[in-house]
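S.K.: Build me a model:
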Amino acid sequence: MIDCANHPSIPAAAVCATCGRPYCEQCLVEVLGQRQCGPCRDRQLAVMQGYAPDPAARPPVWRWYVAFCVLMALMYLAVGALGGVFLAFADQMGPEMSPLEARIQGGIMLGLGLLFTIPYAIAPFLPRARWTWVYHLVLIGFCMSSCACIPIGLPLLLFWTKPETRAWFGYA
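M.R.: Presented below is the predicted three-dimensional model:
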């Protein structure tokens with residue numbers, strides 16, 4: 001038998017409909033036909049009364065973030081394609097670059113372009129969870145390692161760390 005999350009010596013009667021943790025009869029209350037624990041009930045009542053952001057409501061920054069991911073994936077894909085051009089035309093690069101230099105540079109551009117395309121391309125399709133909020137935050141931070149991307153990344157970072165965005169990903 002599973003014990004109550006709040007009272008380890010009392011067997012759990014049911015699980016909270018929101019968080020799924022086990023609780024005894026004393027800890028569960030019914031809200032809108034669902035049995036919830038105290039913290040989940042308080043959060044739901046705060047949302048219903050307008051005191052807290054609705055964690056189910058998609059934050060406005062999400063659209064910006066998806067557009068950002070698409071642009072970054074396309075940019076890195078273009079870098080990879082340019083690397084392929086360098087590899088394909090290495091012998092015809094002219095006097096400024098030897099064929100060996102063109103192959104090395106093309107291989108690096110192709111490899112890094114494809115390597116960085118993948119994280120940005122899959123980001124909008126990841127499940128909504130706490131770890132993905134951190135994953136997205138890392139991608140935003142990584143983009144700011146380039147001075148050219150700071151004007152895009154900094155406002156995105158400021159909106160990404162807002163409470164409604166964090167709540168949408170499961171942070172209380």
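
S.K.: Run through who's touching the helix or strand encompassing residue 134.
M.R.: Taking DSSP states H and E as the definition, residue 134 sits inside helix 130-143. With Cβ atoms under 8 Å, 6 or more residues apart in numbering as the test, helix 130-143 has contacts from 65, 68-69, 72, 119-120, 123, 126, 149, 152-153, 156-157, 160-161, 165-166, 169-171. Using the backbone N, CA and C atoms, a C-beta is placed for each residue, glycine as well.

S.K.: If you count neighbours, what's buried in that helix?
M.R.: 133, 136-137, 139-140, 143 (16 or more other Cβ atoms under 10 Å).

S.K.: tell me what the lengthiest helix in the chain is packed against?
M.R.: Longest helix in the chain by number of residues (criterion: DSSP state H): helix 61-88. Secondary-structure packing of helix 61-88 (3 or more Cβ pairs under 8 Å, 6 or more residues apart in numbering; DSSP states H and E): helix 99-122, helix 130-143, helix 150-160, helix 163-168.

S.K.: domains of the chain?
M.R.: Structural domains assigned to the chain are 1-52, 61-168, following automatic domain parsing.

S.K.: Can you add mean pLDDT and give those domains back as CSV?
M.R.: Shown next, in CSV, are the domains of the chain (pLDDT from 0 to 100):
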stretch, mean pLDDT
domain 1-52, 85
domain 61-168, 93
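
S.K.: Look up the closest residue to residue 60, ignoring the ones flanking it.
M.R.: Take residue 60 and drop its neighbours on the chain: the residue closest to it by Cβ to Cβ, 6 or more residues apart in numbering is residue 159, 7.6 Å away.

S.K.: ok now do residue 11, which residues does it touch?
M.R.: Contact analysis of residue 11 by Cβ under 8 Å, 6+ apart lists 1-4, 24.

S.K.: I'd like to know which of these are buried.
M.R.: For the contacts of residue 11, a burial check counting by 16+ other Cβ under 10 Å picks out 4, 24.

S.K.: Which of the contacts of residue 11 fall within helices?
M.R.: Among the contacts of residue 11, none falls in helices (DSSP H).

S.K.: hmm, which two among the buried residues of helix 130-143 are most spread apart?
M.R.: 133 and 143 (16.1 Å; Cβ to Cβ).

S.K.: Please report the distance of residue 107 from residue 82.
M.R.: 12 Å (Cβ to Cβ, to the nearest Å).
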